[in-house]
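K.L.:
Coordinates for the following, if possible.
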Amino acid sequence: MEEFLESVPGAGDLFAWFGYWPNFHDAEIISLALNRSGASTLRIHTWETTSRVDERGYYVLDKHVHVAFQMEDIRSLSLSDFNQQNVIFGLSLRHTEDGFEICIDPCYGLSGSILAQKLSIQIEPMPPGAS
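P.N.:
Next up, the predicted model:
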């Protein structure tokens, strides 16, 4: 994990926000912009599910953040089922000989993978109470 945090700009900021690497379970894809040249961006809204329960019996969600995965020089992609709401089961990243692969495990909506030579991450923390 340490090598990944050092090789992807912004990965350390995401790790620091949560204190661990998030799995993106039940996160929602906000947008996906693919460009022939320049950066393409996958934006995801995610959070931390705490062990606390609110007055309605729901788990309290904390540390809401928008995460932007900026990809350059996309080598391959395989995507399906994009629709009006795209909730994912999880998201994983791996470093390959050809760059970085983002794998999107579906729950409802978009799934697939994107392989790009360059990857960077930007986070936009949301104010407490925002979702």
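K.L.:
Pass me the low-pLDDT residue ranges in this structure, would you?
P.N.:
Scanning the chain for pLDDT under 70 picks out 128-131.
K.L.:
Could you look up the SS state of the residue nearest the centre of it?
P.N.:
With distances taken as CA atoms, centre = their mean, the residue of the chain nearest its centroid is residue 44 (5.0 Å). Here residue 44 is strand, with the state taken from DSSP: H, G, I helix; E, B strand; the rest coil.
K.L.:
What spatial separation is found between it and residue 37?
P.N.:
Between residue 44 and residue 37 the computed distance is 23 Å (CB to CB, to the nearest Å). Backbone N, C-alpha and C define where each C-beta goes, glycine included.
K.L.:
just residue 89 next, same as before
P.N.:
Noted for residue 89: a distance of 32 Å to residue 37, by CB to CB.
K.L.:
neighbour count winner among those two?
P.N.:
Shown here are residue 89 and residue 37; by other CB atoms under 10 Å, residue 89 has more neighbours (15 against 7).
K.L.:
How far off centre is the strand or helix carrying residue 95?
P.N.:
Per DSSP states H and E, residue 95 falls inside strand 87-96. With CA atoms, centre = their mean, to the nearest Å as the basis, strand 87-96 stands 7 Å off its chain's centre.
K.L.:
Mind giving me the packing neighbours of the longest helix belonging to the chain?
P.N.:
The longest helix of the chain (DSSP state H) is helix 11-18. Judged by 3 or more CB pairs under 8 Å, 6 or more residues apart in numbering; DSSP states H and E, the packing partners of helix 11-18 are helix 2-7, strand 59-80, strand 111-125.
K.L.:
could you redo the last one with a cut-off of 6 Å?
P.N.:
Where contact means 3 or more CB pairs under 6 Å, 6 or more residues apart in numbering; DSSP states H and E, helix 11-18 is packed against helix 2-7, strand 111-125.
K.L.:
Would you reformat the ones you listed as TSV and include mean neighbour count and distance to residue 56?
P.N.:
Below are the helices and strands packed on helix 11-18 laid out as TSV (neighbours: other CB atoms under 10 Å; distance: least, CB to CB, whole Å):
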stretch	mean neighbour count	distance to residue 56
helix 2-7	11	37
strand 111-125	17	25
